[in-house]
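Novice: From the sequence below, what's the structure:
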Amino acid sequence: MPHTNERLRLLVRGLVQGVGFRPFVYNLATELRLRGWVNNSSQGVAIEVEGQRPQLEAFLLRLQNDKPPHAAIHGIEPSWLEAVGHAHFTIRPSDENGPVTALILPDIATCPACLDEVLDPGNRRFLYPFANCTHCGPRYTIIETLPYDRTHTTMKDFALCDTCRAEYENPRDRRFHAQPNACPHCGPHLELWDGQGQTLSQNNEALLAAADALRSGAIVAVKGLGGFHLMVDARSQEAVLRLRRRKNREEKPFALLYPNLDAIEADCYVSPLEARLLQSPEAPITLLARKGRDQLAAGVAPANPSIGAMLPSTPLHHLLMREVGHAVVATSGNRSDEPICIDEREALTVLGPIADLFLVHNRPIRRPVDDSIARLVAGREMVLRRARGYAPLPILLPEPTDPLVAVGAHLKNSVAIASGTHAFISQHIGDLETRTAFENFRRVMADLQTLCAIKPQRAACDLHPDYLSTRHAQQSGLPVVAVQHHYAHTLACMAENELTGSALGISWDGTGYGLDGTAWGGEFLRVDQDRFDRFAHLRTFPLPGGDRAAREPRRAALGLLYEIWGTALFDHGELAALRAFSRQEKTVIQRALEQRINTPLTSSAGRLFDAVAALLDIHQQSNYEGQAAMALEFAIEKDVEESYEVTIRDPADTAYIVDWQPLTIQLIDDIEMGVSTARMAARFHNGLVEAMIAIAHLAGEQKVVLSGGCFQNKYLCERSIERLRSEGFTPYWPQRIPPNDGGIALGQIIAAIERDTP
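Specialist: Here you go, the predicted model:
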């Protein structure tokens with residue numbers, strides 16, 4: 001089948017003006033027979049290229065690899081869009097509109113030039129873990145206020161030595177006005193501490209001792225760019241399990257830090273686009289398929305066919321990993337549901353019960369910033385957690401707005417502030433489950449407003465009245481726009497795909513407060529300009545125990561079966577979900593279902609995934625969010641095409657109902673016949689995708705938007721895209737903004753711009 005034309009928009013930040021970058025882009029695009037344009041903007045260089053997919057991918061890869069010798073790329077933001085029919089390629093006049101966002105760039109991974117110096121025995125920065133230049137290094141995590149001068153950063157107390165000052169003041173030097181510039185004589189230094197904060201060694205000796213400790217199985221808390229990592233040898237099962245016990249993290253996968261790309265490729269399959277992502281200035285944790293013959297401890301990612309891998313992003317991490325020589329666990333240095341530690345004295349208290357040693361430095365961190373997480377979905381990058389390397393870069397808005405703030409959701413929270421045509425999205429904040437997490441939310445929101453010099457005149461929040469973020473907005477004294485959760489998901493995806501007009505939004509997640517006061521989560525929304533209607537939704541079912549069902553898939557399964565059979569479900573004692581309860585527990589649940597005690601109705605796709613995972617005896621209880629649904633995805637037999645039946649009911653006066661009852665009955669029949677779990681998992685996913693196709697035909701909308709946490713499921717997302725395209729629809733899905741609740745704040749901004757929200 002011939003390739004169809006696509007459009008790739010790129011914003012390239014860094015030293016890319018005045019170095020021959022636009023002529024280079026013109027020649028590269030012409031060579032690859034691509035059409036579009038390039039121009040300088042206040043944010044860097046903007047590029048649009050249009051053509052067939054292989055040539056566009058080659059353009060993206062060569063843009064970094066073949067750039068002019070004096071150019072330095074700090075970041076590339078790719079967005080895949082619909083073709084618009086460019087006739088040829090041109091160099092457009094410069095665009096001076098928009099904010100000069102170079103002033104608040106995100107933190108940038110170590111550039112090759114600085115790394116060469118750190119590894120050169122003849123260089124004065126040999127083995128110096130804080131080398132940087134204007135092409136790389138800390139930005140967002142050290143800036144205190146604008147303008148971005150050294151006196152306004154956490155480097156202000158480090159007086160430049162004569163040599164560093166000469167570099168800093170020389171326009172021909174790549175360290176010209178590099179605000180964090182430093183060397184071993186005048187800059188920060190390392191120390192290795194014991195659990196009481198006593199100094200054991202300093203500088204390179206401290207780094208070597210930390211590497212020895214990691215190789216011997218110790219847990220080392222390492223102060224990095226935006227906070228602490230907890231590190232341990234990824235090959236030692238005993239060490240990994242000790243970290244799990246101390247951190248109280250039973251099974252959730254750990255991220256791994258590797259010394260180089262070759263080491264990652266020894267353990268994982270890495271495509272050229274995935275290699276680009278790993279080696280990009282953003283350097284996110286990238287989800288990769290495991291080869292299955294690695295030397296990693298089983299406890300790193302139990303029962304998970306993927307690895308979250310990243311490469312070093314600072315000289316400190318490069319030097320440490322060169323000494324260790326193999327992968328280490330590098331998980332956030334925090335307690336559960338709390339922000340990562342950024343201060344070494346605080347870390348002694350918070351991480352003291354976890355870490356054996358502390359590798360610290362004396363460069364203060366202004367704000368906590370986690371590692372970002374991304375993966376490749378349908379050939380495009382999908383950011384799952386937007387933090388280091390991405391925040392607080394702006395998103396272009398479809399139309400100008402007065403100053404406003406959006407407070408996001410309750411889980412995976414991020415906040416946003418907007419003015420004019422740009423929205424600035426904060427780094428990932430996390431779940432607002434604890435006092436310290438909520439305090440961090442308030443700090444980040446105030447900090448973003450100060451840094452962007454925007455004083456909001458309105459606030460946007462989630463419709464849920466009990467979210468802490470919602471309450472904060474209502475107590476702010478600002479006029480408040482409350483935005484339905486799944487509408488916000490859809491709007492966020494539409495905004496980054498530059499989509500206007502009407503569309504069908506398929507928004508699937510764990511839960512969101514509905515307009516009728518019930519828990520939504522399996523929604524088909526018809527969106528048109530400044531409004532939406534609930535065109536269809538998954539059939540509702542009760543959740544015995546309410547919020548407990550999110551942690552116990554077996555409860556979702558019983559609610560699902562009760563909706564079909566009533567109390568007769570308890571006669572099916574052979575089902576795994578029933579066997580998972582004691583007789584007393586079943587009696588209590590039966591009474592609760594009959595009397596409707598704490599059994600809220602939900603249309604949640606996430607809970608439907610949980611219920612099926614329990615019926616297949618994959619997971620009866622979950623140790624972390626999404627565990628059961630992830631395991632159900634991992635179980636899929638990829639080459640299965642058949643699907644379970646899902647019927648569409650038309651109640652005439654309300655939304656269409658996507659009825660999963662036939663699917664559930666067929667699933668149970670297959671269980672009784674001994675069909676493999678892999679085949680049943682595939683049929684379940686395929687059945688849901690066919691339901692999407694049926695609703696899309698009924699809605700009659702050409703544009704179909706996929707959003708919500710369920711579309712982090714790679715199989716579900718890619719099959720949905722494939723089937724929608726084969727049926728003549730145009731699918732859109734998240735790229736730079738997370739599909740999960742980390743994208744809610746942007747959707748709230750868009751809704752508030754329209755103002756007249758339902």
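Novice: Pairing partners for the lowest-mean-pLDDT helix or strand in the chain, with directions?
Specialist: Taking mean pLDDT, DSSP states H and E as the measure, the helices and strands of the chain show their lowest mean at strand 72-82, namely a mean of 87. Counting by DSSP bridges, the strands paired with strand 72-82 are strand 5-15 (antiparallel).
Novice: tilt between the helix or strand just after the strand it pairs with and strand 5-15?
Specialist: The element immediately downstream of strand 5-15 (helix or strand, assigned by DSSP states H and E) is helix 21-31. With axes from the mean of the first three to the mean of the last three C-alpha atoms, to 10 degrees defining the directions, helix 21-31 sits at 160 degrees from strand 5-15.
Novice: Counting by contacts, list what helix 21-31 packs against.
Specialist: Applying 3 or more C-beta pairs under 8 Å, 6 or more residues apart in numbering; DSSP states H and E, one finds that helix 21-31 makes contact with strand 35-41, strand 44-52, helix 53-65, strand 89-91. C-beta coordinates here come from the backbone N, C-alpha and C atoms, glycine included.
Novice: so Ala550 makes contact with Gly521?
Specialist: No - between Ala550 and Gly521 no contact is recorded; they are 10.6 Å apart, counting by C-beta atoms under 8 Å.
Novice: ok, back up a step: just the C-alphas of the least confident helix or strand of the chain, formatted as CSV.
Specialist: Extracted as CSV, the C-alpha positions of strand 72-82 are listed here (Å, rounded to 0.1, in the frame of the first residue of the first chain):
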residue,chain,number,x,y,z
ALA,A,72,23.9,23.3,18.9
ILE,A,73,20.5,21.7,19.3
HIS,A,74,19.1,22.0,22.9
GLY,A,75,15.8,20.3,22.0
ILE,A,76,13.6,19.2,19.1
GLU,A,77,9.8,19.1,19.6
PRO,A,78,8.3,16.9,16.8
SER,A,79,4.5,16.9,16.2
TRP,A,80,2.9,14.8,13.5
LEU,A,81,0.0,16.5,11.8
GLU,A,82,-2.3,16.2,8.8
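Novice: buried stuff in it?
Specialist: Within strand 72-82, the residues scored as buried using 16 or more other C-beta atoms under 10 Å are 72-82.
Novice: before we move on, back to that, output the helices and strands packed on helix 21-31 as CSV; include the columns mean pLDDT, mean neighbour count and distance to Gly514.
Specialist: Formatted as CSV, the entries for those read as follows, by pLDDT from 0 to 100; neighbours: other C-beta atoms under 10 Å; distance: least, C-beta to C-beta, whole Å:
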stretch, mean pLDDT, mean neighbour count, distance to Gly514
strand 35-41, 91, 20, 41
strand 44-52, 93, 23, 39
helix 53-65, 93, 17, 39
strand 89-91, 92, 17, 48
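Novice: Make JSON lines out of the ones you listed and add distance to Ala178.
Specialist: Output for the helices and strands packed on helix 21-31, formatted as JSON lines (distance: least, C-beta to C-beta, whole Å):
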{"stretch": "strand 35-41", "distance to Ala178": "22"}
{"stretch": "strand 44-52", "distance to Ala178": "18"}
{"stretch": "helix 53-65", "distance to Ala178": "21"}
{"stretch": "strand 89-91", "distance to Ala178": "29"}
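Novice: Let me know which of these is the nearest to Leu504.
Specialist: Smallest distance to Leu504 across the helices and strands packed on helix 21-31 (C-beta to C-beta): 24.7 Å, for helix 53-65.
Novice: Let me know the angle separating that closest one from strand 35-41.
Specialist: Here the directions of helix 53-65 and strand 35-41 differ by 30 degrees (the same axes, to 10 degrees).
Novice: what inclination does helix 53-65 have with respect to strand 44-52?
Specialist: Using the same axes, to 10 degrees, helix 53-65 lies at 150 degrees relative to strand 44-52.
Novice: Was I right to think Ile636 contacts Ala682?
Specialist: Yes - using C-beta under 8 Å, Ile636 is in contact with Ala682, at 4.7 Å.
Novice: what touches both of those two?
Specialist: When C-beta atoms under 8 Å, 6 or more residues apart in numbering defines a contact, no residue borders Ile636 and Ala682 alike.
Novice: show me where pLDDT drops low in the protein?
Specialist: 1-3, 18-19, 96-103, 756-758 (pLDDT under 70).
Novice: so what are the domain limits for it?
Specialist: For the chain, the structural domains run 5-97, 190-361, 392-497+741-754, 537-732, going by automatic domain parsing.
Novice: Compare the ones you listed and report which one is nearest to Ile104.
Specialist: Nearest of the domains of the chain to Ile104, taken as C-beta to C-beta: domain 392-497+741-754 at 6.0 Å.
Novice: And the closest one, end to end?
Specialist: 23 Å (C-alpha to C-alpha, to the nearest Å).
Novice: Identify the residue spatially nearest to Ile737, adjacent ones excluded.
Specialist: Taking C-beta to C-beta, 6 or more residues apart in numbering as the measure, Ile737 lies nearest to Gly743, with 4.3 Å between them; neighbours along the chain are not counted.
Novice: swap in Arg249?
Specialist: In space, Arg249 is closest to Ser336, 7.3 Å off (C-beta to C-beta, 6+ apart).
Novice: Looks to me like the one you found is in a strand.
Specialist: No - the assignment for Ser336 is coil, going by DSSP: H, G, I helix; E, B strand; the rest coil, so no strand is present there.
Novice: contacting residues for it?
Specialist: Applying C-beta under 8 Å, 6+ apart, one finds that Ser336 lies in contact with 247-249.
Novice: Which of the residues you listed are buried, as a PyMOL select command?
Specialist: What follows is the PyMOL syntax selecting those of these that are buried according to 16+ other C-beta under 10 Å:
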select buried, resi 247+249
